[in-house]
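Novice: only the shape, not the letters, is given here:
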């Protein structure tokens, strides 16, 4: 029988909420959500893996069920890596696997480059390991949008009116193609979207998925991926913001790593092709 435990951990800057769904004694899975600032809700389908192992979720500081301090100096990748290290030690995680989705792949990668002793496997889902590559892909996807949508985006960006309802509707056309192609969006994803922590997201990323103005600009770990000496699985969707071409490139830089592309999905194959995604991740986990 699965059992659940919730609590808080004191980290630099405030208190972070966590939830552990536990069953079985295989190495636990620690889940890092995206954003930055998009709480864990949309990753809830990964609880299906808790029939064999513990699955650990947490909301990074500033979003979801965690404290939301009003201090922009906290919103940087170095502090989030430190936060992750505190959580791992507080929960006494040993011999565990990390799954980082989207921004969570950046956090996972930088954590792994600190040479921690606990992880025995890594899953980089919808990875963003080179911001310039991400933006090149986003520009190509944007050029493929309907002409009227492109004109609306261009017009409001030029006028500085990106908070208008018309601009938000145009960005939604991009998200329906490359973030989640399900209609309507699953309730778990909608909860995340409704609770996104804009101060964190805007400080670190920017106003939209395809416009990057925050302090993650210039992020690139492609020259260091070879330093990660763990079994690693890359996943992405065929229509993913993290394009298959970029993900193939990342995978080629990490010797011995694996890649699965989900043909009917965009950035959230764990929602869009949930059964297939859980099956592929389970196979990888059980080989470790």
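Specialist: Nice, thanks for sending it over. None of the values given here were measured: they were computed from a predicted structure.
Novice: ok, then the element right after the helix or strand harbouring residue 85?
Specialist: Using DSSP states H and E, residue 85 maps to helix 77-90. Where DSSP H and E defines the elements, the next helix or strand beyond helix 77-90 is strand 96-101.
Novice: which is the succeeding secondary structure element to that next one?
Specialist: Counting by DSSP H and E, what follows strand 96-101 is helix 103-112.
Novice: roughly how far is that following helix from the heart of the chain?
Specialist: Chain-centre distance of helix 103-112: 9 Å, with CA atoms, centre = their mean, to the nearest Å.
Novice: give the buried residues for stretch 119-131.
Specialist: Using 16 or more other CB atoms under 10 Å as the burial criterion, the residues of stretch 119-131 that qualify are 119, 121-131. In short, each C-beta sits where N, CA and C put it, glycine included.
Novice: and stretch 214-226, by the same measure?
Specialist: 214, 216, 219, 221, 225.
Novice: got CSV for those residues, with secondary structure, pLDDT and distance to residue 14 too?
Specialist: Converted to CSV, those look like this (DSSP: H, G, I helix; E, B strand; the rest coil; pLDDT from 0 to 100; distance: CB to CB, whole Å):
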residue, secondary structure, pLDDT, distance to residue 14
214, coil, 98, 20
216, coil, 98, 21
219, coil, 98, 24
221, coil, 98, 27
225, helix, 98, 31
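Novice: contacting residues around residue 53?
Specialist: 23-29, 285 (CB atoms under 8 Å, 6 or more residues apart in numbering).
Novice: among the residues you listed, which ones are buried?
Specialist: The neighbour-count test (16+ other CB under 10 Å) marks 23, 27-29, 285 as buried among the contacts of residue 53.
Novice: and of these, the nearest to residue 195?
Specialist: Closest approach between these and residue 195, by CB to CB: residue 29, at 22.7 Å.
Novice: report the secondary structure element holding the closest one.
Specialist: Judged by DSSP H and E, residue 29 forms part of strand 26-32.
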